[in-house]
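[1] attaching a predicted model along with its sequence, questions to come.
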Amino acid sequence: MSQKNRLDGGQIDRNHRLSFSFDGKNYSGYAGDTLASALLANDVRLMGRSFKYHRPRGVFSAGSEEPNALVELRSGARREPNTRATVAELYDGLEAQSQNRFPSLRFDVMAINDRLSSFLSAGFYYKTFMWPAAFWEKIYEPFIRRAAGLGHLSGEEDPDDYDKGFLHCDLLVIGAGPSGLVAAQTAGRAGAEVILAEEDFTFGGRLLADTGLLTDQHANDWIAEVVGELSNLPNVRLMTRTTVFGQYDHGIFGAVERVTDHLPEPPSQKPRQILWRIYAKRTLLTAGATERPITFDNNDRPGVMLAGAMRAYANRWAVAPAKEVAIFTNNDDGHRTARDLNAKGVKIAALVDSRADAPTSPEFEVLSGAKIIDSRGRLGLKSVKVRLQDGSVKDLTCGALGIAGGWNPNVHLTCHKRGRPVWNDHISAFVPVPDSDPLLRVAGAAAGLFSTHEALQSGADKTIEALKDLDISAHLPDLPQAEGAPVNIAPFWYVKGGKGRAWLDLQNDVTVKDIKLAHQEGFKSVEHVKRYTTLGMATDQGKTANLGALAILADLEGKTIPDVGTTIFRPPYTPVSIGAFAGRSRGKNFRPYRLTPSHKWAEEQGAIFVEAGNWLRAQWFPIEGETHWRQSVDREVLAVRKSVGICDVTTLGKIDVQGADAAKFLNHVYCNGFAKLPVGKTRYGLMLREDGMAMDDGTAARLAEDHFVVTTTTANAVSVFRHMEFCRQCLWPGLDVQLISTTEAWAQFAVAGPNSRQLLQKIVDPEHDISNEAFTYMACGEITICSGLRARLFRISFSGELAYEIAVPARYGDALIRRLMDVGEEFDIVPYGTEALGVLRIEKGHAAGNELNGQSTAAMLGLGRMVSQKKDSIGRVLAGRPHLMREDDYRLVGLRPVYAEDTILSGAHLMSVGDPANAKNDQGWVTSAAYSPHIGSSIALAFLKKGENRHGEVLRIVSPLDNMDIQITVTIPHFIDPEGVRLRV
Amino acid sequence: MIINHPLLGPRDAQEFVYLGDASLIDRPDAMAETALNDFHDYLYLRDNPAGSHQELWFHEQGDRSWLVVTRDTASHEITHVELAVDYAKRRGRDR
Amino acid sequence: MSENLLAPLTALGKTVPVIKKIGGITISENPDLAIVSLSARMGTEQDLQNLLKPLLGACLPGPGQAQFAEDITAIWVGVHQWFLMASLSDHPDYADEINNFVTDAASVTEQSDGWAVFDITGDNLVPLLERICNLNSKAMSSGDATRCLIEHLGCLIICRESVRNFTILGPRSSAASLHHTFVTAAHSVA
């Protein structure tokens, strides 16, 4: 199909023809086109349907501020909804679909909403979907989502890769228009590290869309010259397709680089986008300005667009949206558009200028003091209705209308740290407060300096100023001569007295009437109006809409615009895909995982793994014939009780504590005493928080007078280390103590069961006597195994059996578990996983994470007497608060079902038999439960009020969630060997 | 945010873990008669200024130093950073 | 210790170190590094400096710095704390060796097995490094060494030669995740 709206010239590569499709129909365009420019070239004005009323809409802008032309780009898993056609670079084979219409863009049944508009006004959702509340989830929300959604997600996994990165610079320049280019040139020549980031796919900014000369050069030649120079400077990084979307504290910026979005698909292993975190010592915002419309009835038809955009399409992309166009303006810039289009051979139906004293033109008709009051054309503009200065009304036939309501500086990034722009009467727009942020300066149109001359000059000046802060001296380059036209604008925001709907926010379908209604209903603050009407929300964040609404509010309030105030902007400046935020953190690599030294071996055994924090731990080891996890776990538990089992416990935190005052230090961090622990012995230790609650437990082994190895639970390894460093550096800096984590350095295995010593004797080198007499319960020592490998041995037990933990340098962990399994064959050794570990410790009555949940005192755990009153330890004082010492507090108990076949589940609550199951009768709760193959029934640990005096009582446990209501007998919390005989044999 | 580490220079706040008010360093005498009240106030009564605030940050992904950072809680401006160990010693914690 | 009957695995769980060449970048696992941590006892920093000076040929390095001697690398890791690194095959019991050497001047802790060590070399590693950590890698020169965050993991990064040669130490248990990060980033920039 021919590109019937294509003009001469432009910055497109006519030798590089590209084919693409929109809604299944094939078109052609050129390299350098955006989807929007290529569609316009092919005389496609209708590109989408509006959000709420499903009104036919066409492209409105030529940049990232686009509210209307949102499409679904690509197909299959790469389908991307809500892509702005104005920034989608054309590539060969591009497929796009319109959205928010059914069955087709030209005929959309939901356009019925447009007829019902009087019911769908501001606050419609709040008023209509109020009640009944039960309707919300099932009826209202699905309805609203279906009716009002824009594009649709593919529902498939994104096949592309995304990456992240970090950049550092002296000066970050945001936007590469005339101001930004000169800034980068000035800083680059001064030797500063510079990043020049441009959201477009080519440098030049507004220069690309205009025709003025720079001295005697065409703008393109000047751009090429500057970019050429910059690309040869090693200290300048040029980044196109890169949007700096957020400013954060202390010079940190977020940027997204669309590396391969302009290709049909990324090359293998190359990222589609990169999320950059930029550390900038100084930043210059040269992000330009965005044009704003003037509002009148039916101002939303396809073909109505911003005049600056129309000029950009003509000059940069060589496209006119129609053969005959009209312009509606309140300032001189509209005349420039008319001149440029006229020069390109586009017929100007008339230039309608709201100013009575508008400049005239020899080239086209200027209607001064006139206003456009309505338009016609259902699927595309056919004519506009003009009220002339004398009050008469005239129709103008035109296929497109360019509206020039003035320009708003792109101040967005200056607001991200809560900077509030101020009103500038001269340009009738908000501008950043000059010099308000020493880290971020603003130049060019973003600062309200609209002429090319001012842009160039301020870009250089502000750069020199910024670099001076960094003691880098920079010099003003020879700036080209450029137009310095002053801004002539007579603010005019909306045509009053219309009877139809005049659209302010095209993306959210907010009309002038909606603002009036909101105001009438009491929503007078801008922030309220915004939320009530949805003005300024969604992908464009009201870039073209906000100020018009403020002007109306100002009228209604009888105030000036600055008195009404403005909403400020949050990141992101333009939408950022979630994939970019995720980067490489996807699937298995969502976060780093940690493998135990026996992982490879466990995998070979067919172990089932469980995530414990970032660790992958073997949960159980199924063997042939086992079809249910309980079979494996029961077998593992019984094998430990009967002979010997082995479990990887490397994940426990290990902290090396050394120094002359090491024991004194541990006395402070543990509530129980360590000063008198002999060398070669290990002791259980309980750490409290300063509020007296249990924080963590573990063991401390004294390897020398001045050397301990402390273990923590797996979950708290990091936080306990942090806490101990706090104690060391902040609370007791006078103690000679040094800490370092050694969690990763040692592969540690629990070897548990009556035959564990015999097993270990097979690998421990003969010079180390580990007999019961020589290496007693709670002994520890440095030994060698397997002919000289250094190892540590601790005689400690979590299972309640005779047990040891043996540690070797991590690299030998794999070999050690294989060796232990080999030599343990004669004892029918089994590996056991975390499930069996849990059952064994519940049988023994050891507290773990479920009991140490941050709300338990030592007394509740039955460890109240451990809290030494003779020394100052963390938590001791507040653990002594009367409320925490109450006699009727919870105590750890064991539970057994009255009927052995009943199953106890953790989370259930304890009540007296016969009492109604309610909070009033609640006497405690089940913390841990398991099936005990040793007992032959379900067992549990629980916190029960006055529990230590209630052993033998029959109570009821209730869990409405699990539909459980059974009777249990309270017992001591030790189901096996309460005297600890097994530990000592 | 960027925290200007007294030894390592400017580092991204994402390397640090925040604890809270630096007054946590002024742990009361646990053996004093008034210890129970003192500890209650120490642990639960804090100022929460909108403005300059001394607070504890731990350089967990760095040199494992605890730092006392003086930060304006309204503007995030950081005016002073020092090693907590120096601050603690100055306040007599090593005696 | 080298004579024992058990066979070690590398941090990536292999019997031989994994070496990947991607474009101009080589990522090599280095299992032959003995690492000990050395923390000065209270008030002994000067004694420690005096003791180690002959060994290092220089003072122990200051914050953010490494000192390379003939067969030892020392890096600063914290206040009054350093890592010493040497060839594991030459120094199989490095912690004992250093402990006997410094006696009471420092607390010595074996760290060799706490870390996965990767040597990364290439003509220009800056594009790779800026994808993985927040350091200004372009500005790092030989002898710079610091802890940093790579893919949520606390790592030590040592610049051996500006732009071209870095050693990165990461937590051993996460060697696979760390290696994945290096490899995907290398593919991305290659």
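    Alright, I've got the coordinates. Residues are numbered from 1 along each chain as shown, chains lettered A, B, ... in the order given.

[2] using PDB, write out every CA atom in the longest helix along chain C.
    Counting by DSSP state H, the longest helix found in chain C is helix C:175-189. The C-alpha atoms that make up helix C:175-189 are tabulated as PDB, following Å, rounded to 0.1, in the frame of the first residue of the first chain:
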ATOM      1  CA  ALA C 175      29.200 -20.300  44.200                       C
ATOM      2  CA  ALA C 176      26.800 -21.600  41.600                       C
ATOM      3  CA  SER C 177      24.600 -18.500  41.800                       C
ATOM      4  CA  LEU C 178      27.600 -16.200  41.600                       C
ATOM      5  CA  HIS C 179      29.100 -18.100  38.700                       C
ATOM      6  CA  HIS C 180      25.700 -17.900  36.900                       C
ATOM      7  CA  THR C 181      25.800 -14.100  37.400                       C
ATOM      8  CA  PHE C 182      29.300 -13.800  35.900                       C
ATOM      9  CA  VAL C 183      28.500 -16.000  33.000                       C
ATOM     10  CA  THR C 184      25.200 -14.400  32.000                       C
ATOM     11  CA  ALA C 185      26.700 -10.900  32.400                       C
ATOM     12  CA  ALA C 186      29.700 -11.900  30.300                       C
ATOM     13  CA  HIS C 187      27.500 -13.300  27.500                       C
ATOM     14  CA  SER C 188      25.500 -10.100  27.700                       C
ATOM     15  CA  VAL C 189      28.500  -7.800  27.200                       C
END
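
[3] what about that helix and chain A, touching?
    Yes: using Cβ under 8 Å from any Cβ of the partner chain, helix C:175-189 reaches chain A at C:175-178, C:180-181, C:184-185, C:187-188. (Each C-beta comes from the backbone N, C-alpha and C, glycine too.)

[4] give me the phi and psi angles of the residue of chain B most remote from its centre.
    Most distant from the centre of chain B: residue B:33, at 26.7 Å, with distances by Cα atoms, centre = their mean. The phi/psi pair for residue B:33 (degrees, to the nearest 10) reads phi -60, psi -40.

[5] list the contacts for it?
    Listed by Cβ atoms under 8 Å, 6 or more residues apart in numbering or on different chains, the contact set of residue B:33 is empty.

[6] what residues does the stretch 201-350 of chain A put near chain B?
    Counting by Cβ under 8 Å from any Cβ, the stretch 201-350 of chain A sits next to chain B at A:248-252, A:279.

[7] apply 10 Å and report the result again.
    A:248-252, A:277, A:279, A:281 (Cβ under 10 Å from any Cβ of the partner chain).

[8] report the buried residues of the lengthiest helix in chain B.
    The longest helix of chain B (DSSP H) is helix B:35-44. Neighbour counts using 16 or more other Cβ atoms under 10 Å in any protein chain shown place B:35, B:38-39, B:42-43 of helix B:35-44 among the buried residues.

[9] repeat for stretch A:416-433
    Neighbour-count burial for stretch A:416-433, counted by 16+ other Cβ under 10 Å, picks out A:416-417, A:419, A:421, A:423-424, A:427-432.

[10] same question for stretch C:160-177.
    C:160, C:162-163, C:165-177.

[11] in helices, which of these fall?
    C:175-177.

[12] just send those back as TSV, with distance to residue C:32 and pLDDT too.
    Listed next are those as TSV, based on distance: Cβ to Cβ, whole Å; pLDDT from 0 to 100:
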residue	distance to residue C:32	pLDDT
C:175	15	98
C:176	20	97
C:177	22	96
